[in-house]
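Visitor: Fold the following and give me the result.
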Amino acid sequence: MSDENGRRAGSTIRDPLFVARDTVDRGMQELYEFGPFRLEPAERKLTRGNEVVVLTPKAFDTLVLLVRNNGHLLDKDKLLRMLWPDSFVEEGNLSNNIFLLRKALGDDTEYIQTVPKRGYRFVGALRQFSSTNDPLAQQRQFAIEMSPDRYSSEQVVTAVPPTSSRPSHIVAVMAAMALAILAIGAALWWRSSVRLSPRSQWVQLTNFPDSASQPALSPDGRVLAFIRGGQVYVKMLPEGEPVQLTRENLPKSDPTFSPDGSRVAYTTLNLQRFAWDTWVAPILGGEPQPLLRNASGLVWTSPRQVLFSEIKTGIHMGIVAAEENHLGARDVYLPTDELGMAHRSYLSPDGKWVLLSEMDKDHYFLSCRLVAMDGRSQGRQVGPLGGACTFAAWSQDGKWMYFTANPGGVSHIWRQRFPDGQPEQITSGPTEEEGIAMAPDGRSFVTAVVLRNTSLWIHDAKGERQISLEGNGTNPKFTPDGKKLCYLIVREFPNQFAWKNPGELRIVDLESGRSEPVVRSFPVLDYDISADGRQVVMWTTDVEGKSQLWLAPFDGTSPPAQIPNVEGGQPRFGPGGDIFFRRAKFVYRVRPDGTGLRKALVNPVFLQFGVSPHGRWIVEWAPRSGNEPPAIQAFPLDGGSSIQIGGSSTFLSWSLDERSALLAEHFVVPLAAGESLPRLPAGGFHSDEEIARLPGARRIDERGIVLGPSADVYAFYRGTIQRNLYRVPIP
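Guide: Numbers count the residues shown, from 1 in each chain. As a prediction, the model looks like this:
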């Protein structure tokens, strides 16, 4: 049987080492300790002292397999077959689980050893105990031994030999005890198990060919609001026709109802000014009106009180409580890093706690956070470990916290008992879910169910053809000779809600179509290719979440090597082979061997995009002087002042021959001989129309365009993303 066929038919394959999926009885007896950790497979619990270590279900299963086979090498293919017995998945899924485990276990001791190109081995000093040493485990095991699944009721009663001198009432008492313990075991199992919501009970509320997202329910639960095509819609439930409330061109997000249900508030984003404002529209029709400037993700906490996100300085965004007119404003939460952004907030039913979603300094969503409404502390992270948490909600009684998160690379709904229960996943399957609107009766919620069909394509003299045949291909970059293309394979395609997604770096020969990993089992966040095409620099994170840079040769003659004494991300090769990267809010440069570390720019930056092919310019999203909003700017690497390209969406990149530039994602503009920048108006471009009027400018109506050796060769994304709203019963 081939590896691929074996992986697809994994449920029929057995190996003496792999027993995790079939040994419930054994699992009930197992207790393991290593270092400060205690692993209880039957309880699906990992603890460090008195603290529960939160893991995704697949990461937990991976740990159990490794621990049960302590000291043995577990082959990657076998691990994939055991963890995903009914589907074909990429190795990146396994490496992501290993990454999450190492992050959870810390780096004080190496517990998981990587055997290059083979697999993984658990190498911790392991102590194994029988459940007979644990009274609760004894009860669970006795309940299993006496359960009807193993013995009939007659067998239980006649378990005492007929010649026994014990009275019959003792036998009856023992049987009653067995049944009682069985009930205790069943209750424990029911309380600790994860109960998924069956898809057959999901009720579809919209049926659009494009996307309906970010649902909100009116206080009485009779009206549904959502975003479609950048506009706000409402729909009377269950069978009303959708009605469009807004028509202006600015992108919109986060609809929410006023306490009386008569208005819908929503956020608008002006990328030219980087301005987040809140507007309101009557649900019965009428012109939208501004409510609060510099306010996003607004929700009402009482008829006159609101909670919203507000930019303080630069891009530093915190959570603020105030009256509708901004009087009495006070901070509820501010990220400790001045580049952090707290985007959405959700008040508990008792008004004492706030759930919030936030981005880190690299503008990636973190796990959700729980803080006190009084604003006296930074609170703590909640929800699944390592999951980009984009939306949250509370149950009506305040006993449960709900999250949209993607710890395994795919976005699903999770919940966690307030205040300190363990996260459990309550939706699963091939689709993803985004957003949570709780029904007033507390028996269901509404979410957007996502179906994606997106792939990576290339356009050249041969026409158009698909590059990534399986998985989600993203972040393409051509090698300097234009003959090959690198890209990442990730679990979840990057989107407006969650675009931090490590993947496996691959390279494809554009002539033969052959694709292979650059480095196997190495989760990469971002990368760049050297000017000579011989090396790749990769950005990844360690178990503590610290950013690291690694170098690897394309020919595989040596393993990846970490650049010493460097912590940062968004690496780009520049003049002389130096590597430019961003750490905190500054750009640094370093030689590949780790020497010559120094600041590359005096000015602070928010995001780094790229270096021009001839090494004259580096493009950054950076703040401007005074109170001006941040903008895309080109900084000369030989010193001097930056040149403003345009607002926050006016991205700039080049073809490899530097004869053309790509502006605002869609416009290819020819460059004059010897020039690296297009003809710029004073203060940069203020609209797409200005770019379109440049001599020779042409628009390419594809997504994610990356120019190749010339303007006629480029990579892009193609496919569909469909979102519709469903009502999901709460399990």
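Visitor: any low-confidence regions in the stretch 451-600 of the chain?
Guide: For the stretch 451-600 of the chain, the stretches flagged by pLDDT under 70 are 469-471, 491-501.
Visitor: where exactly do the strands run in it?
Guide: 463-466, 472-478, 484-490, 504-509, 515-517, 526-529, 535-541, 547-553, 561-562, 569-573, 579-583, 586-590, 598-599 (DSSP state E, counting those that start in this stretch).
Visitor: Between those, which one is closest to Q722.
Guide: strand 472-478 (15.5 Å; Cβ to Cβ). C-betas here are computed from N, CA, C, even on glycine.
Visitor: Remind me what that closest one packs against, helices and strands.
Guide: Here strand 472-478 touches strand 444-460, strand 484-490, strand 526-529, strand 703-707, strand 714-729, going by 3 or more Cβ pairs under 8 Å, 6 or more residues apart in numbering; DSSP states H and E.
Visitor: ok, that strand: who's next to it in the sheet?
Guide: Within its sheet, strand 472-478 is paired with strand 484-490 (antiparallel), according to DSSP bridges.
Visitor: quick one on the thing from earlier: out of the strands of the stretch 451-600 of the chain, which gets nearest to A42?
Guide: strand 535-541 (32.0 Å).
Visitor: which outside residues touch that closest one?
Guide: With contact meaning Cβ atoms under 8 Å, 6 or more residues apart in numbering, strand 535-541 is reached by 99, 103, 486, 502, 505, 518-519, 522-530, 547-554, 560, 563, 568-571, 573, 579, 581, 592.
Visitor: what about 6 Å?
Guide: Outside strand 535-541, the residues within contact range by Cβ atoms under 6 Å, 6 or more residues apart in numbering are 523-529, 547-553, 569, 571, 579.
Visitor: May I see the PyMOL selection of the buried members of these?
Guide: Provided next is the PyMOL selection string for whichever of the contacts of strand 535-541 are buried by 16 or more other Cβ atoms under 10 Å:
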select buried, resi 523+524+525+526+527+528+529+547+549+550+551+552+553+569+571+579
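Visitor: want to throw the helices and strands packed on strand 472-478 into TSV with distance to V64?
Guide: TSV is the format used below for those (distance: least, Cβ to Cβ, whole Å):
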stretch	distance to V64
strand 444-460	30
strand 484-490	26
strand 526-529	32
strand 703-707	39
strand 714-729	29
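Visitor: and among those strands, the most buried is which?
Guide: strand 484-490 (a mean of 23; mean count of other Cβ atoms under 10 Å).
Visitor: Mind exporting the C-alpha coordinates of it to PDB?
Guide: Taking C-alpha atoms only, strand 484-490 is exported to PDB below (Å, rounded to 0.1, in the frame of the first residue of the first chain):
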ATOM      1  CA  LYS A 484      10.800  29.100 -10.100                       C
ATOM      2  CA  LEU A 485       8.200  30.300  -7.600                       C
ATOM      3  CA  CYS A 486       8.200  30.000  -3.900                       C
ATOM      4  CA  TYR A 487       5.000  30.000  -1.800                       C
ATOM      5  CA  LEU A 488       3.600  28.900   1.500                       C
ATOM      6  CA  ILE A 489       1.000  26.100   2.100                       C
ATOM      7  CA  VAL A 490      -1.200  27.100   5.000                       C
END
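Visitor: where's R127, which helix or strand?
Guide: Element membership for R127, per DSSP states H and E: strand 126-130.
Visitor: ok, now L100?
Guide: With DSSP H and E as the criterion, the answer for L100 is helix 91-105.
Visitor: Report the angle between that helix and strand 484-490.
Guide: 60 degrees (axes from the mean of the first three to the mean of the last three Cα atoms, to 10 degrees).
Visitor: who does helix 91-105 touch, helix- and strand-wise?
Guide: helix 57-68 (3 or more Cβ pairs under 6 Å, 6 or more residues apart in numbering; DSSP states H and E).
Visitor: 7 Å instead?
Guide: When contacts are defined as 3 or more Cβ pairs under 7 Å, 6 or more residues apart in numbering; DSSP states H and E, helix 91-105 sits against helix 57-68, helix 76-83, strand 112-115.
Visitor: Quick one, grab the pLDDT at Q204.
Guide: Per-residue pLDDT puts Q204 at 96.
Visitor: which residue packs closest to it, ignoring adjacent ones?
Guide: Y726 (5.4 Å; Cβ to Cβ, 6 or more residues apart in numbering).
Visitor: Can you pull the domain assignment for this protein?
Guide: 3-132, 134-192, 204-410+431-452+723-729, 462-600, 605-706 (automatic domain parsing).
Visitor: mean pLDDT lowest for which of those?
Guide: domain 134-192 (a mean of 35).
Visitor: Surely L339 touches T313?
Guide: No - L339 is not in contact with T313 according to Cβ atoms under 7 Å; the separation is 10.7 Å.
Visitor: Cool, thanks, signing off.
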